[in-house]
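A.B. asks: model the structure of this input:
(2 chains)
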Amino acid sequence: MRLSGRQIDCIRGGRGVFSGLDFEASSGEVLAVVGPNGSGKTSLLRLIAGLLVPAGGSVVLEGGEAELTLPEQSHYLGHRDALKPALSVHENLSFWRDFLGGKVGDVSQCLTAVGLGHATHLPAAYLSAGQRRRLSVARLLVVRRPVWLLDEPTSALDTAGQDLFVGIMRDHLAGGGIIIAATHAPLGIGARELRMGGGK
Amino acid sequence: MTALAALIRRDIKIALRVGGGALIGVLFFLTVTVLMPFAIGPDMALLTRLGPAILWLGALLASLLTLDRLFTADHEDGSLDLIVMGRTPLELACAAKALAHWLAAGVPLIVATPVLGLLLNLDGTATSAVALTLLVGTPALTFTGMIGASLAVTLHRGGLLLAVLVLPLSIPVLIFGVAASQAAISGPLSFGTPFSILCALSLVSLVVGPFAAAASLRHGLD
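C.D. replies: Numbers count the residues shown, from 1 in each chain, chains lettered A, B, ... in the order given. Okay, the predicted model is just below:
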């Protein structure tokens, strides 16, 4: 499987964020998107996720499932956790499992895997920032998607959480997955770098 | 189907839990209807004549009250991004969300109507006519309101804009809803005619609403 972008232009609010961007990532590879604030890291991820329309160029996934679009084969882990404070940890995760569909795993197992096994019935409103992030990471595990788009995945995670996350990423790569991560901190895993220029 | 059922279940659960706002609509409906007799005075005949219109206006405003959270809550916490990316067609997801909103916020209004009918001196026939027209008409309010909610989703405090956008669209529903109720109470028109048009309005909104909302969400995201 190979994810590649050719000559991508991104314009937001009438301002060119980046232009003529090329990137490429194959199965088992991590592409770390680095660059200063405002250089378009999040825009690039949202563009791959189909949440932004590129002003020019295109992103293609070769070797994926033919009848599904790229966003339908991707996980997007953004700044916002997509968690409902009124629902319990377990309810939040089982909703996303049922809604996202495809190949799914067991909710309780995934919660244990991210260290939230003790808090399954707690409303998400009572979770700390780190725990919320862990619950979002559990979403990556409970539904199988080959492409992971991660925006600052390790922010708010403690050292143990970061180690855990590195293990989770390694498993995903070993299974032939692709990871594109926008990050400032080192991911703790061998990655190709895509350096974004400063804002123009 | 699992995906849509999950979405409906989740939205109803959230609406019924603390801070969900499903019952706020009913309370508002109750308040508006209780205030009316005080404003109009103790003229029983006048109350009976205005009753259906008051109930319909109350229900319209009450359904508008909770509608602005339909997509905003999901937009703010990032859920909407994942819903747009998901394998379920966005049109169906929108329809599921509107259905959940109607079940959680619209049905309680209809259930409350018989009680409120008493306050407005409506007899059994009149109350059941109003309840029946509300049952048929409130889905139209929700599904057309959804278009407004999807347009206002990226705006902070889009609630006012929503009201301005949605209220004109609800005029036909209001006209035929009240006309059908009045026809059942006093004639001379037959109940069937305006009621059929009300049904037609609801069916059209069930079809148009999800497509318009999905298109607006796709273009509005950034």
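A.B. asks: which other helices and strands does the biggest helix by length in chain A contact?
C.D. replies: Counting residues, the longest helix in chain A under DSSP state H turns out to be helix A:159-174. Counting contacts by 3 or more CB pairs under 8 Å, 6 or more residues apart in numbering or on different chains; DSSP states H and E, helix A:159-174 packs against helix A:129-142, strand A:178-182. (Glycine included, C-beta is placed from N, CA and C.)
A.B. asks: angle of the longest one against strand A:178-182?
C.D. replies: Read that as helix A:129-142. Inter-element angle recorded for helix A:129-142 and strand A:178-182: 160 degrees (by axes from the mean of the first three to the mean of the last three CA atoms, to 10 degrees).
A.B. asks: which outside residues touch helix A:129-142?
C.D. replies: Contacts with helix A:129-142, where a contact means CB atoms under 8 Å, 6 or more residues apart in numbering or on different chains, come from A:75, A:77, A:81-83, A:89, A:92-93, A:96-97, A:100, A:104-107, A:110-111, A:113-116, A:119, A:124, A:127, A:148, A:153, A:155-158, A:161, A:164-165, A:168, A:172.
A.B. asks: buried stuff in the worst-scoring helix or strand of chain B on mean pLDDT?
C.D. replies: Ranked by mean pLDDT, DSSP states H and E, the weakest helix or strand in chain B is helix B:159-169, scoring a mean of 84. Residues of helix B:159-169 classed as buried by neighbour count (16 or more other CB atoms under 10 Å in any protein chain shown): B:159, B:162-163, B:165-166, B:169.
A.B. asks: need the contact list for whichever residue of chain B sits closest to chain A.
C.D. replies: Of all residues in chain B, B:Gly78 sits closest to chain A, at 2.9 Å by CB to the nearest CB. Contacts for B:Gly78 (CB under 8 Å, 6+ apart) come out as A:78-82.
A.B. asks: count the residues that sit near the nearest residue to it once chain neighbours are set aside.
C.D. replies: Leaving aside its sequence neighbours, B:Gly78 sits nearest to A:Arg80 (CB to CB, 6 or more residues apart in numbering or on different chains; 2.9 Å). By other CB atoms under 10 Å in any protein chain shown, the residues close to A:Arg80 number 17.
A.B. asks: can you name the residues in contact with the least confident helix or strand of chain B?
C.D. replies: Residues outside helix B:159-169 that contact it (CB under 8 Å, 6+ apart): B:60, B:64, B:67-68, B:144-145, B:147-149, B:151-152, B:155.
A.B. asks: just the buried ones among those, please.
C.D. replies: Using 16+ other CB under 10 Å, the buried ones in the contacts of helix B:159-169 are B:60, B:64, B:67-68, B:144-145, B:147-149, B:151-152.
A.B. asks: that older thread, check what pLDDT the residue of chain B closest to chain A gets.
C.D. replies: For B:Gly78, the pLDDT comes out at 89.
A.B. asks: avg pLDDT for stretch A:187-199?
C.D. replies: 77.
A.B. asks: buried residues of that stretch, list them for me.
C.D. replies: A:187, A:191, A:194, A:196.
A.B. asks: closest to chain B among the residues you listed?
C.D. replies: Proximity to chain B was ranked across the buried residues of stretch A:187-199 by CB to the nearest CB; first place goes to A:Met196, at 18.4 Å.
A.B. asks: which one is that closest one nearest to, not counting chain neighbours?
C.D. replies: A:Gly35 (3.2 Å).
A.B. asks: phi first, then psi, for that neighbour.
C.D. replies: Dihedral angles of A:Gly35 (phi, psi; degrees, to the nearest 10) stand at phi 150, psi 160.
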